[in-house]
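J.: pasting the sequence and the predicted coordinates here, then a few questions.
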Amino acid sequence: MASSTQDLEQFVRDALGRGCSRPSIEKALGDAGWEPEQTRGAMAAYADVDFVVPVPRPRPYVSAREAFLYLVLFTTLYLTAYHLGSLLFELINRAFPDAASPYNNGVSRSIRWSVSSVVIAFPVFLLLSVKIGKELAQQPIKRLSAVRRWLTYLTLFVAAVVLICDLITLVDGLLGGDITTRFVLKVLVVAAIATVVFGYYLWDLRRDERAA
């Protein structure tokens, strides 16, 4: 696979060096069986500037600082989503109590822990999002960061799995006749959080691809 990619990039470089137009190169590669995404990636490696030889674009690289920022960003996202859901679950349990699971009138340790987690994790997530957003605006090439893309796809995967499991739980409840107000509200909470996360990062990923 690496050899094929190198061959493709070398072909694009040689074709551009001989003065071939980009549309003609894309058509030739398409006729040869290359996927459009592969062709666009190889073409994007060279800037569309007027020079005697093809001018390569700067390529994204992974730095320890970048990896640290993205790991903290996505960790705080997961913490916020999980504890927000946990907090809403506790509030639903109190609003629609189950006689078999009585709650005391005070604030439970679970609620305190969830509130504390959201209060700390969410502002950190927002601050890092703003900081990274400013860096991406100044250096759009960083949108192609391998760490950013891998963690984004991982987040999409987790959100998709949560949505699927949530729908399975709902269908199971419908078939078993165990539908209650509390059950439906919890299903809606999980679906809402997972949908927001999935929708936002899918939109962000498509924006990165358009920018690339």
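T.: All right, it came through fine.

J.: and the residue nearest to residue 180 when sequence neighbours are not counted, what pLDDT?
T.: With C-beta to C-beta, 6 or more residues apart in numbering as the measure, residue 96 is the residue that lies nearest to residue 180, at 7.4 Å, once sequence neighbours are left out. To be clear about C-beta, it is placed using only N, CA and C from the backbone, and glycine gets the same treatment. Confidence at residue 96, expressed as pLDDT, is 82.

J.: give the contact list for residue 96.
T.: 180-182, 185 (C-beta atoms under 8 Å, 6 or more residues apart in numbering).

J.: export those as CSV, with columns for neighbour count.
T.: Shown next, in CSV, are these (neighbours: other C-beta atoms under 10 Å):
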residue, neighbour count
180, 11
181, 10
182, 15
185, 17
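
J.: redo these as a markdown table? Include pLDDT and secondary structure.
T.: Compiled in a markdown table, the contacts of residue 96 are given as follows (pLDDT from 0 to 100; DSSP: H, G, I helix; E, B strand; the rest coil):
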| residue | pLDDT | secondary structure |
| --- | --- | --- |
| 180 | 85 | coil |
| 181 | 87 | helix |
| 182 | 87 | helix |
| 185 | 93 | helix |
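
J.: and which of the residues you listed is nearest residue 25?
T.: residue 185 (55.9 Å; C-beta to C-beta).

J.: quick check: that closest one touching residue 93?
T.: No: if you go by C-beta atoms under 8 Å, residue 185 and residue 93 don't touch, sitting 9.8 Å apart.

J.: how near is the residue most central in space within the chain to residue 121?
T.: In the chain, the residue lying closest to the centroid (C-alpha atoms, centre = their mean) is residue 152, at 2.7 Å. Taking C-beta to C-beta, to the nearest Å as the measure, residue 152 falls 19 Å from residue 121.

J.: what do you get for residue 174?
T.: In terms of C-beta to C-beta, residue 174 sits 34 Å off from residue 121.

J.: again with residue 175
T.: From residue 175 over to residue 121 the distance is 36 Å, taken as C-beta to C-beta.

J.: put the alpha carbons of stretch 184-195 into PDB.
T.: Extracted in PDB, the C-alpha atoms of stretch 184-195 (Å, rounded to 0.1, in the frame of the first residue of the first chain):
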ATOM      1  CA  VAL A 184     -38.500   6.700  28.000                       C
ATOM      2  CA  LEU A 185     -36.900   9.800  29.500                       C
ATOM      3  CA  LYS A 186     -33.600   7.900  30.100                       C
ATOM      4  CA  VAL A 187     -33.600   6.600  26.500                       C
ATOM      5  CA  LEU A 188     -34.200  10.100  25.200                       C
ATOM      6  CA  VAL A 189     -31.400  11.500  27.300                       C
ATOM      7  CA  VAL A 190     -28.900   9.000  25.900                       C
ATOM      8  CA  ALA A 191     -30.100   9.500  22.400                       C
ATOM      9  CA  ALA A 192     -29.900  13.300  22.700                       C
ATOM     10  CA  ILE A 193     -26.300  13.300  24.000                       C
ATOM     11  CA  ALA A 194     -25.100  10.800  21.500                       C
ATOM     12  CA  THR A 195     -26.800  12.500  18.600                       C
END
